[in-house]
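1. Sequence below, structure please.
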Amino acid sequence: MKTIVLCAILLSMTSALAQQPAGKRPKITGIDHVSFYTTSPEANQQKYATALGLASTLPLEPGQTQRFMVGSQWVGYSPAPDPKVTNRMDHIAFRTDDCEALRKYLAANGVKVPDSVAKTKDGSASFTVKDPEGNRIRFIRGSAQPKPEPNAVSSQIIHAGFLVRDRAAEDKFYRDVLGFRPYCSAE
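-> This is a model prediction of the structure:
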């Protein structure tokens, strides 16, 4: 009888441990940048530089043609591979204090990750994964960014998102693995 009780306790402890994320997640400190596809660079220039007062700076990522600074964060644009597609999100990038540790943490939690962290053109370290719905999510430990423009309407990106079709799968990834507190609105 003692053996059966001990086995039941061990099985329940093993089950509880299997449901918890592996290891401690390195810090995710905020949004680094958001990258979109565009069919109208002129409209982007009008919106970001003229209307919002954001500084335009040199493109940073391969294929990128525009980049606008929002404080130390940025919004980037590349030509749309298919002008007819309505989803123009390329990727969202989050800052982390340790790319390699976060890559290993995600792998230990069942997320498909690249074999290593890459170095980018500006000297930062990054890697990209896909969330359960195939959205590209980049994690980056970056170098110092330019100061905000004094006439810009904002100096911080506080929200970025996309349409969600399978909320349970997305919640598991963003809330349970990454530790985000999701904000969802119903249409």
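2. Just the helices from the chain, written as ranges.
-> For the chain, helices defined by DSSP state H occupy the ranges 2-19, 41-44, 99-108, 167-171.
3. Mean pLDDT lowest where, among those?
-> Across these, helix 2-19 has the smallest mean pLDDT, namely a mean of 35.
4. Find the residue ranges of this protein scoring beneath the pLDDT cut-off.
-> Flagging of the chain using pLDDT under 70 yields the residue ranges 1-22, 143-153, 182-187.
5. can we see that at 50?
-> Counting by pLDDT under 50, the chain contains low-confidence residues at 1-20, 187.
6. residue ranges for the strands of it, please.
-> 28-38, 66-70, 73-79, 89-96, 118-119, 125-130, 136-141 (DSSP state E).
7. Note down every partner strand of the fifth one and its orientation.
-> So that's strand 118-119. strand 125-130 (antiparallel) (DSSP bridges).
8. so how far is the partner strand off the chain centroid?
-> In terms of CA atoms, centre = their mean, to the nearest Å, the centre of strand 125-130 is set 8 Å apart from its chain centre.
9. Of all the residues in that strand, which ones are buried?
-> Buried residues in strand 125-130, counting neighbours by 16 or more other CB atoms under 10 Å, are found at 125-127, 129. All C-beta spots, glycine's among them, are computed from the backbone N, C-alpha and C.
10. State the distance from residue 101 to residue 121.
-> From residue 101 across to residue 121, the span is 23 Å (CB to CB, to the nearest Å).
11. Between these two, which has more neighbouring residues?
-> residue 101 (17 against 10; other CB atoms under 10 Å).
12. Next, the contact list for the more buried one, please.
-> By CB atoms under 8 Å, 6 or more residues apart in numbering, the contact set of residue 101 is residue 26.
13. So that it lines up with my notes, have the first residue be 13 from now on.
-> Sure, I'll start numbering at 13, so the last one becomes residue 113.
14. From residue 143, how far off is it?
-> Per CB to CB, residue 113 is found 20 Å from residue 143.
15. could I get the strands of the chain as JSON lines with distance to residue 71?
-> Output for these, formatted as JSON lines (distance: least, CB to CB, whole Å):
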{"stretch": "strand 40-50", "distance to residue 71": "10"}
{"stretch": "strand 78-82", "distance to residue 71": "5"}
{"stretch": "strand 85-91", "distance to residue 71": "7"}
{"stretch": "strand 101-108", "distance to residue 71": "13"}
{"stretch": "strand 130-131", "distance to residue 71": "17"}
{"stretch": "strand 137-142", "distance to residue 71": "16"}
{"stretch": "strand 148-153", "distance to residue 71": "16"}
